[in-house]
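K.L.:
attaching a predicted model along with its sequence, questions to come.
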Amino acid sequence: MRKPRRNHSAAFKARIALEAIRGEKTVAEIASHHEVHPNQVTMWKTQALENLVGIFGGKTIADDGKEQIRELREKVGELTMERDFLEGALGKLPGLSGKR
C-alpha cells in the first residue's frame with residue numbers, strides 16, 4: 001500500500017538541500033534520515049543551486065524560462081496572423097481554397 005502524499009515546507013526542503021550541498025553525507029543517507037526519496041533530495045539540491053543567482057539579484061532559471069515562453073508566444077502570434085492572411089489571400093484566387 002502506498003503512503004499518502006506529503007507536502008514539505010520550503011524551510012524543510014531548504015534544510016535538506018543545504019545538507020546535500022555540503023556533501024558531508026551521501027544523498028541516500030540524507031534521504032533515509034529524513035524519510036524522503038533520494039531523487040527528491042537530488043531535485044531539491046538542483047533547484048537550490050539553480051536559483052542561488054536570484055538571491056543576489058541576477059536572473060534565475062525560472063526567469064529565463066518565462067522570457068523564453070514570452071518570446072515563443074509572440075512567435076506563435078506572428079505565425080497565426082501570417083497563416084490567416086495567406087489563407088484569406090489564397091481563398092481570393094479563382095479555383096483555389098485555403099481550406100483542406
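P.N.:
In hand now; what should we look at? Numbering: from 1, shown residues only.

K.L.:
out of the helices and strands in the chain, which is least certain?
P.N.:
None of the helices or strands of the chain scores lower by mean pLDDT, DSSP states H and E than helix 61-92, at a mean of 85.

K.L.:
which secondary structure elements does it contact?
P.N.:
helix 38-55 (3 or more Cβ pairs under 8 Å, 6 or more residues apart in numbering; DSSP states H and E). Backbone N, C-alpha and C define where each C-beta goes, glycine included.

K.L.:
packing partners of the helix it packs on?
P.N.:
For helix 38-55, the packing partners by 3+ Cβ pairs under 8 Å, 6+ apart are helix 10-22, helix 27-34, helix 61-92.

K.L.:
quick check: domain ranges of this protein?
P.N.:
With domains defined by automatic domain parsing, the chain comprises 10-56, 59-93.

K.L.:
which one of these lies closest to Arg2?
P.N.:
Closest of the domains of the chain to Arg2 is domain 10-56, at 12.4 Å (criterion: Cβ to Cβ).

K.L.:
on that earlier part again, chain center to the least confident helix or strand of the chain: distance?
P.N.:
21 Å (Cα atoms, centre = their mean, to the nearest Å).

K.L.:
ok, stretch 43-62 next?
P.N.:
Distance, stretch centre to chain centre, for stretch 43-62: 12 Å (Cα atoms, centre = their mean).

K.L.:
returning to that earlier point: so which of the domains of the chain is the most packed in?
P.N.:
Compared across the domains of the chain, domain 10-56 shows the largest average neighbour count, a mean of 14 (mean count of other Cβ atoms under 10 Å).
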